[in-house]
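>>> Structure of the sequence below:
(chains A, B, C and D)
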2 protein chains.
Amino acid sequence: MDAYDAGGHDAGDYDPRAFPPFAVTVDLAVFTVRDGELQVLLIERGQEPYKGARALPGGFVLPDESAGRAARRELAEETGLSARTTAALHLEQLRTYSDPDRDPRMRVVSVAYTALVPDVPEPRGGGDAAHAQWMPYGGHGPLAFDHDRILADAHERIGAKLEYTCLATAFCPAEFTLGELRQVYETVWGVELDRPNFRRKVLTTPGFVEAVAGGARLTSGRGKPAALYRAGPANALHPPLLRPEGRHTP
Amino acid sequence: MDAYDAGGHDAGDYDPRAFPPFAVTVDLAVFTVRDGELQVLLIERGQEPYKGARALPGGFVLPDESAGRAARRELAEETGLSARTTAALHLEQLRTYSDPDRDPRMRVVSVAYTALVPDVPEPRGGGDAAHAQWMPYGGHGPLAFDHDRILADAHERIGAKLEYTCLATAFCPAEFTLGELRQVYETVWGVELDRPNFRRKVLTTPGFVEAVAGGARLTSGRGKPAALYRAGPANALHPPLLRPEGRHTP
DNA sequence: CCAAAAGTGTTGGGCCTACACCCATGG
DNA sequence: CCATGGGTGTAGGCCCAACACTTTTGG
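Numbering: from 1, shown residues only, chains lettered A, B, ... in the order given. Here you go, the predicted structure:
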C-alpha cells in the first residue's frame, strides 16, 4: 500500500512495475427508436460467467487507443455498420464503473458510453461481426455483471439530455418530420406531448432544426403530409424543453 | 489485436493474461470559495515529468477499492482532514481521461472526481500529508499532464450543476446566510445576481434550505444581521435556478 | 447621519399550457 | 365523408426580472 502511495503520479518515487494491474474495457449502451418504442442493442453471452444472459456490447481498450476510440471501434464491430457511418454517430462517455467485484474473474474497470442511432437496418451478423440484436428497453431479463445499472444510468442520462440539448435529432434519419422528432421525446420520456406547443418550441429554438426546401413526407400513410427538417447547427437548447411533470418517469 | 478482441468479456475465449495492462488512477478537482473567489486545491510536483509544475492531487486506485473509495481516501490524505469530515463531503465522478499519450511514462487511465468543500482551514502538512494548497482558479500557471482540461471540465460541470441541484450548500458551512449562498453562485458563475429575487427563489424551492431557529449572524460586520439557514433535504431544484444570460461565462 | 447589507413589495412583460380550429390525405 | 395527423391561432395564467422601499447594523 505504501508502495502504491509512493508511486502516485503526483509525487514521490516512481516504479513502473509497482502499479496494480487492471484491465480496462468499454461498455456500450446503444439506443434507438423503432416501431414507436425505445430499443437497446444487446448481445448474448456465450461464456461463463453469466453464460446465456444478455449483456451490453463492449470489449477491451487496446494499448494504443483511447477509451473513446475503443468505444467507436466496438460500436462498428457490433453493429456491422461501415466506419464512415459510425464515425458520424453520437457517442458520449457516460461514467466509469470500478467496483472491485463487478467481474468475478478479475479486476476490470469499465468506461461506459452511450450511443444514439437512428432506425438503422438490423445489425448484420456479417463476417466476424456480432450476434447483437435490438431489444425493447425494459423488455429483456436481468443483464450480466452490473449492466442493468449501467443501462439505467444511460437511460436517465439521455432523458435528461433531451431537455437541454439537440440530442433528439441523433435518433432521427438525416431528414425527418416534426412528428418523428416528437415521437423520440415521447418514447424516451414515456409521456405524451402537446403537438402544437412542441412544434412551436422546436421551431423557435434557433439552430435546432432547419427546413428542407421542397420536401414533404408521410409518416404512416394517414394524415396530411409533413414538412421535412434537418438537424440544425446548435448543440444546446435555449431555453430548455422540459418534460411535463417535474423530473423522471421511471 | 485479435487476441484482445477474442478476450473481450462479452464473447469468445478468455485468457486472463491476454488483457493489455493499464494503471488506473484518480485525479481530484477540489473547489472551495475563500475570500470571495473560487479556489482549487493543487500540489507541486517533485519529480519529472512536469517537475515543479502544479497538478491536481490524486493517486493510484488500490486493488481492492473502487475508484470512488480511492478518491475519498486521496482527498483525506491531501487535505489532512479527518476521515469523518471527508466522509460527509460531496464527491462526484467527473469523467475518465484515457488518451494514450496523457502520461509520457506509461499507459495511465485516470478517473477524475470533483469535490466541493466549505472554507476549511488551510490543509495541514501534518504527518505524511501533502503539500497541497489552495490557489485561485485561473490564477495558477499551466498544470501538468492534461490537468488543465480536467480542471476546466470540472468547473463547467459544477457551474451547470448549481443550476438544477442543491450543490451550492456543499460550499457553505453547516449554518450559513443567504448572502453567503448567493456569493457561491456569483463566484462560480462570475456574475452578479439580484438579491431580492435570489432570496425568493431559494426560499420558495421546497427542501433547498431550512431556517435555523434562533440564529442571526453578521457576514462582514456591516449591515443588518442575516438569518441563518441549514441545507435542506432536497437534492434537485424545481424549477432550476438558471444563470442570467444563456450559457457559460468562461 | 451615512454606508452597507438584509429583507419586503409591486409591477410589467414574456413565455408557456391548454385548447379550439383549419388543412390535407388515405380509406 | 370520416379518421388521422400536420399546422395555425389565441386566451389565460404563472413566473420572473427589475426596481423601489424599509430595516438594522457599524463607523
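>>> for the longest helix seen in chain A, packing partners?
When chain A is parsed with DSSP state H, its longest helix is helix A:147-164. Applying 3 or more CB pairs under 8 Å, 6 or more residues apart in numbering or on different chains; DSSP states H and E, one finds that helix A:147-164 contacts strand A:23-34, strand A:90-97, strand A:108-116, helix A:178-189. (C-beta placed from N, C-alpha, C; glycine too.)
>>> Could you report the separation of the closest residue to A:T169 other than its chain neighbours from chain B?
Using CB to CB, 6 or more residues apart in numbering or on different chains and skipping residues adjacent in sequence, the residue nearest A:T169 is A:A231, 3.8 Å away. Distance, A:A231 to chain B, using CB to the nearest CB, to the nearest Å: 19 Å.
>>> ok so, going back, quick one: the helices and strands packed on helix A:147-164 as JSON lines, columns for mean neighbour count, distance to chain B and mean pLDDT too.
Shown next, in JSON lines, are those (neighbours: other CB atoms under 10 Å in any protein chain shown; distance: least, CB to the nearest CB, whole Å; pLDDT from 0 to 100):
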{"stretch": "strand A:23-34", "mean neighbour count": "24", "distance to chain B": "4", "mean pLDDT": "95"}
{"stretch": "strand A:90-97", "mean neighbour count": "21", "distance to chain B": "4", "mean pLDDT": "97"}
{"stretch": "strand A:108-116", "mean neighbour count": "25", "distance to chain B": "5", "mean pLDDT": "97"}
{"stretch": "helix A:178-189", "mean neighbour count": "20", "distance to chain B": "16", "mean pLDDT": "96"}
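>>> tell me the domain ranges of chain A?
A:19-148, A:165-231 (automatic domain parsing).
>>> Of all the ones you listed, which one comes closest to B:V212?
Closest approach to B:V212 among the domains of chain A (CB to CB): domain A:19-148, 35.7 Å.
>>> Look up how far DNA strand C lies from whatever residue of chain A ends up closest to DNA strand D.
Nearest residue of chain A to DNA strand D: A:G179, at 2.1 Å (CB to the nearest atom of the strand). Using CB to the nearest atom of the strand, to the nearest Å, A:G179 is found at 13 Å from DNA strand C.
>>> what does A:V209 give?
In terms of CB to the nearest atom of the strand, A:V209 sits 16 Å off from DNA strand C.
>>> what's the closest non-adjacent residue to that residue?
According to CB to CB, 6+ apart, the nearest residue to A:V209 is A:Y229 (4.1 Å).
>>> wait, doesn't that neighbour sit right on A:E210?
Yes: contact criterion CB atoms under 8 Å: A:Y229 and A:E210 qualify, at 6.5 Å.
>>> Tell me which of these two has more neighbours.
A:Y229 (22 against 13; other CB atoms under 10 Å in any protein chain shown).
>>> and the helix or strand where that one lies with helix A:178-189, angle?
Here A:Y229, judged by DSSP states H and E, is contained in strand A:226-231. If you take axes from the mean of the first three to the mean of the last three CA atoms, to 10 degrees, strand A:226-231 sits at 60 degrees to helix A:178-189.
>>> which strands and helices sit next to strand A:226-231?
Using 3+ CB pairs under 8 Å, 6+ apart, strand A:226-231 sits against helix A:178-189, strand A:209-217.
>>> go again using 6 Å as the cut-off
strand A:209-217 (3 or more CB pairs under 6 Å, 6 or more residues apart in numbering or on different chains; DSSP states H and E).
>>> ok, now which ones touch A:V109?
Neighbour list for A:V109: A:22, A:24, A:98, B:24 [criterion: CB atoms under 6 Å, 6 or more residues apart in numbering or on different chains].
>>> for A:A168, same thing?
A:162, A:181, A:184.
>>> now with 10 Å?
A:33, A:116, A:158, A:161-162, A:176, A:180-185, A:188, A:202, A:208-209, A:231, A:237, A:241 (CB atoms under 10 Å, 6 or more residues apart in numbering or on different chains).
>>> Per-residue pLDDT of A:A234, please?
Note on A:A234: pLDDT of 93.
>>> Test my guess that it contacts A:P206.
Yes: look at A:A234 against A:P206 with CB atoms under 10 Å: they come within range, at 6.4 Å.
>>> With neighbour numbers in mind, choose between the two.
Neighbours were tallied for A:A234 and for A:P206 using other CB under 10 Å; the higher tally belongs to A:A234 (16 against 11).
>>> and the closest residue to the more buried one other than its chain neighbours, helix, strand or coil?
Once flanking residues are discounted, A:A234 sits nearest to A:G207: 2.8 Å by CB to CB, 6+ apart. Using DSSP: H, G, I helix; E, B strand; the rest coil, the structure places A:G207 in coil.
>>> hang on, the earlier thing: just put the contacts of A:V109 in CSV and tack on distance to DNA strand D.
Formatted as CSV, the entries for these read as follows, by distance: CB to the nearest atom of the strand, whole Å:
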residue, distance to DNA strand D
A:F22, 46
A:V24, 43
A:S98, 38
B:V24, 42
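>>> near DNA strand C, which residues of chain A show up?
A:194, A:196-197, A:200-201, A:218, A:221-225, A:239, A:242, A:244 (CB under 7 Å from any atom of the strand).
>>> Low-confidence stretches in chain A?
Along chain A, segments meeting pLDDT under 70 span A:1-19, A:120-130, A:215, A:218-221, A:246-250.
>>> Among the contacts of A:V109, give me the pair with the biggest separation.
The span of the contacts of A:V109, defined through CB to CB, is set by A:V24 and A:S98 at 9.9 Å.
>>> overlap in contacts of the two?
Residues touching both A:V24 and A:S98 (CB under 10 Å, 6+ apart) are A:108-111, B:24, B:96.
>>> now, among the residues you listed, which is nearest to A:G139?
Distances from A:G139 to those, taken by CB to CB, are shortest for A:S110, at 24.0 Å.
>>> you'd agree A:R199 is in a strand?
No: A:R199: not assigned to a strand; according to three-state DSSP it is helix.
>>> related to what we said a few turns ago, doesn't A:G223 make contact with the residue of chain A closest to DNA strand D?
Yes: the criterion here is CB under 10 Å, and A:G179 meets it with A:G223 at 8.7 Å.
>>> How about A:G159: what's its closest non-neighbour residue?
Nearest one to A:G159, counting by CB to CB, 6+ apart, is A:V188 at 5.6 Å.
>>> got a list of what the one you found touches?
A:31, A:33, A:38, A:116, A:137, A:155, A:158-159, A:161-162, A:167-168, A:171, A:243, A:249.
>>> ok, which pair from those residues is furthest apart?
Maximum distance among the contacts of A:V188 (CB to CB): 18.8 Å, for A:L116 and A:T249.
>>> thinking again about what came up before, the strand holding A:Y229 to strand A:209-217, inter-axis angle?
140 degrees.
>>> any idea how far strand A:226-231 is from the chain center?
23 Å (CA atoms, centre = their mean, to the nearest Å).
>>> Give me the contact status of that strand with DNA strand D.
Yes: using CB under 7 Å from any atom of the strand, strand A:226-231 reaches DNA strand D at A:226-227.
>>> Buried residues of that strand, list them for me.
By neighbour count with 16 or more other CB atoms under 10 Å in any protein chain shown, strand A:226-231 contains the buried residues A:226, A:228-229, A:231.
>>> again, but for stretch A:35-44
In stretch A:35-44, counting by 16+ other CB under 10 Å, buried: A:38-44.
>>> Fine by me, thanks again.
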